[in-house]
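> model this:
(chains A and B)
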Amino acid sequence: MNELKLLLENPIVMSVLLAFVPIVFILVYALVTLYGEMKVAAHIQNRLAYMENGWHGTLQPFADILKLLQKEDIIPTAADKFLFSLAPYLVFVGTYASFAVLPFSSGFIGSNIDLGILYLVAASSLVVVGLLMSGWASNNKWSLFGSLRSAAQIVSYEIPGVLAILGVVMVLGTMNMQTMTQMQDGGIQNWLIFGGNFALGQKLALIPFMFILFVIYLLSSMAEVNRTPFDLPEAESELVQGYNTEYSGMKFAIFYLAEYANLFLVSAVVVILFFGGWTSPFGSFMGGPVWSAFWFIMKGMFFVFVNIWLRWTLPRLRVDQLMYVSWKVLTPFALFCIIAIGFIMVV
Amino acid sequence: MIETLEKPKTSTGKTLRTEEMIVNMGPQHPSTHGVLRLEVVLDGEIVTDVIPHLGYLHRCFEKHCEHMTSYQQVIPYVDRMDYVASMTNEMAYVVAAEKLLKIEVCDRVHYIRIIMAELQRIASHLIAIGTFGIDMGAFTPFLYYFRDREKILELFEMTCGARLLYNYMWIGGLSHDIPPQFVEKTKEFIVGFKKTLQEVNDLLNYNEIFIKRTANVGILPKDLAINYACSGPMLRGSGVNWDLRRDDPYTMYDKFEWDVIVGKGEMGTVGDVWDRNMVRQLEMWESLRIIEQAIATLPEGDVSKAIPKRIRPVPGDAYGRVEGPRGELGVYIIAEDSVTPYRIKARAPAFVNLSVITEISKGAMLADLVAIMGSIDIVLGEVDR
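Here you go, the predicted model:
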């Protein structure tokens, strides 16, 4: 017993254990979302989706994963083997590293660093490198198209996204994600989308700008995870499947996993920035570390659902229109909001 | 159209050397609607040239028809030309053959043929608009439309036992009369279908993103459309008021009251992709009007009375044409003193419409090329035959 305690106090063992929490979460969450996406899509489209394996097809995601695991892992002969194999893991690492700073509950955060949100933005940018790598190494023109589009899109949409984050950072005065959440504690009225925990005048002045920033961040986060209406990098009707055309088996599964993990990541950031992170909407009622984890995951899953909902409803934009939205609509609005928030916070 | 971008300049003022890229779109590509291969020359995202390569689905339809044992045996082959609108194909062949043989059929046959052809037109347009939605990235309208197409196929199945390749219209009549519950089921279908049409209008055709993607894209001017002999929604989308059902009435289309839908350039320019798609959407309403009138005034009669036992026409030729979902579908038959046709030539509208793609997609973006191809609504079975 004592030995076990000693082992747990060892910082290396502890950090390894800590690092396992997000990956277990990602795996479970990916299975749930895989199932959820198919079911939501099916019900939007007037069908049932899978019903055969288990109750209402609940075992189907496991079957899918098993199938992908035993598929032959094909590397095209003309591909750059090293980069081709490295790319999916790089994409996943970028996303996974960002999970370190997500405050899952009042009692759990992988790494409570002061530059949390900045680290998150930086780490999730690593995804672009992986996508470019996969497109180039595949030696396929469609893949190259997809990855170049993807790089252009993610880099462009990071700007309004980061500006929206900056607006929130200006209001809260911190980049530490745990502190950001704690500042919105105390019930639904303290969430930033409803003006935050400030005096009434300031609160009312903040609400419209917070709402605009929320929409801007939501749109740019959808672009960053390549979801419809911004799913050009993998626009299957134009580019076959985009950057992951040539991938198969486990490498393809890793791309898929990274995509879903990224989806939760950006949803979680929306929740932390505007919807109070892990805080309960009823103040201290249903609070505490366990309940807060529940609230965080529920809120995150809600935005994952919004993403799925939009995906199966909207058509896709064209590549020049996509750039137009980013540079000529979202970025100016975000800049305007930042200036306005600056005035509000000073006065 | 988007003007070609200037070549980027380096810091020393010299232009960067950029190369055009040739990519093969198809034959295995999700949005070529079959096995069409397009050789696309791209300057970045901008299409500078498109060369279609056909023939991957060539099945020697015309040659096969010369080696049948009778004229009736051609009908199942005609079904397989445009496999999403088989009834219309049969109608074209049957109209031509009856002209050749100078057979008069009773009114009931005409009426049922019109009902079937219009149902088939709706079924075909449902696929056209649905897959066009997929090309634009909207998957859901496709399934909404397929749900209603299923009901049409059930009507066909109820009538002739087949769901896709019917062999229903015979020379001089029909293989079966319509079953007793057909009229009631059709009325039921029409009521439900009108709701779906409205729903998809809201979901897809008037969606802001969809309009952005399709308005002012792939503009086909009036004169170009006529010069390339385009027909069907392709031609009417460009503002040409031409419909064979009205201008060269075959069977009994002149008995019904309906309008020819013409593109007006509501969202952009006349003849853009949005117009072509909208012509299809509105044509379904007109088809419903024709069906409603036809089932309300369905005459009595024996549908198999005029079917000839053995066909051996006097030598000569005949050209029958109908307004199919994709345009003018013509069948030209040359008969010699024999039980088999000497030569059959089909004028496939999809094949003719496809020829204009090079002209209208130059200068468009890669994503627009997909939109243009979807709006032409090709069926490779008909293009290659």
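
> for the rest of this, base every contact and every neighbour count on C-alpha atoms.
Will do.

> and B:Arg276, how close does it get to chain A?
According to C-alpha to the nearest C-alpha, to the nearest Å, B:Arg276 and chain A sit 18 Å apart.

> same question but for B:Asp107, I mixed them up
40 Å.

> before we move on, what about B:Met169?
In this view, B:Met169 and chain A are 34 Å apart by C-alpha to the nearest C-alpha.

> now do the contacts for that residue.
B:Met87, B:Glu90, B:Met91, B:Val94, B:Arg113, B:Ser175 (C-alpha atoms under 8 Å, 6 or more residues apart in numbering or on different chains).

> narrow these to those in helices?
Of the contacts of B:Met169, the ones assigned to helices by DSSP state H are B:Met87, B:Glu90, B:Met91, B:Val94, B:Arg113.

> could you export the contacts of B:Met169 as CSV, including distance to chain A, neighbour count and pLDDT?
Listed next are those as CSV, based on distance: C-alpha to the nearest C-alpha, whole Å; neighbours: other C-alpha atoms under 10 Å in any protein chain shown; pLDDT from 0 to 100:
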residue, distance to chain A, neighbour count, pLDDT
B:Met87, 28, 28, 89
B:Glu90, 32, 29, 89
B:Met91, 33, 31, 89
B:Val94, 37, 25, 90
B:Arg113, 32, 22, 89
B:Ser175, 35, 17, 86
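
> for chain B, give me its nearest residue in the stretch 51-200 of chain A.
A:Lys141 (7.0 Å; C-alpha to the nearest C-alpha).

> what about that residue, how many residues nearby?
By the measure other C-alpha atoms under 10 Å in any protein chain shown, the count of residues near A:Lys141 is 18.

> give me the element B:Ser52 is part of.
In this structure residue B:52 is Pro, not Ser. Assigned by DSSP states H and E, B:Pro52 belongs to strand B:46-53.

> what is the helix or strand just after that strand packed up against?
Per DSSP H and E, strand B:46-53 leads on to helix B:61-65 as the next helix or strand towards the C-terminus. Where contact means 3 or more C-alpha pairs under 8 Å, 6 or more residues apart in numbering or on different chains; DSSP states H and E, helix B:61-65 is packed against helix B:74-79, strand B:341-347.

> keeping just the C-alphas, turn helix B:61-65 into PDB.
What follows is helix B:61-65, C-alpha atoms only, in PDB (Å, rounded to 0.1, in the frame of the first residue of the first chain):
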ATOM      1  CA  PHE B  61     -27.300  -0.300 -78.100                       C
ATOM      2  CA  GLU B  62     -27.900   0.700 -81.700                       C
ATOM      3  CA  LYS B  63     -26.000  -2.300 -83.200                       C
ATOM      4  CA  HIS B  64     -27.800  -4.700 -80.800                       C
ATOM      5  CA  CYS B  65     -31.200  -3.400 -82.100                       C
END
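
> I'd like the average pLDDT over it.
Mean pLDDT, helix B:61-65: 85.

> mind jotting down where the strands sit in the chain?
Picking chain A for this. Taking DSSP state E as the test, the strands found in chain A are A:103-105, A:108-109.

> wait, chain B
Ranges of strands in chain B, per DSSP E, are B:21-25, B:37-43, B:46-53, B:169-170, B:173-174, B:316-324, B:327-335, B:341-347.

> good, we can wrap up now.
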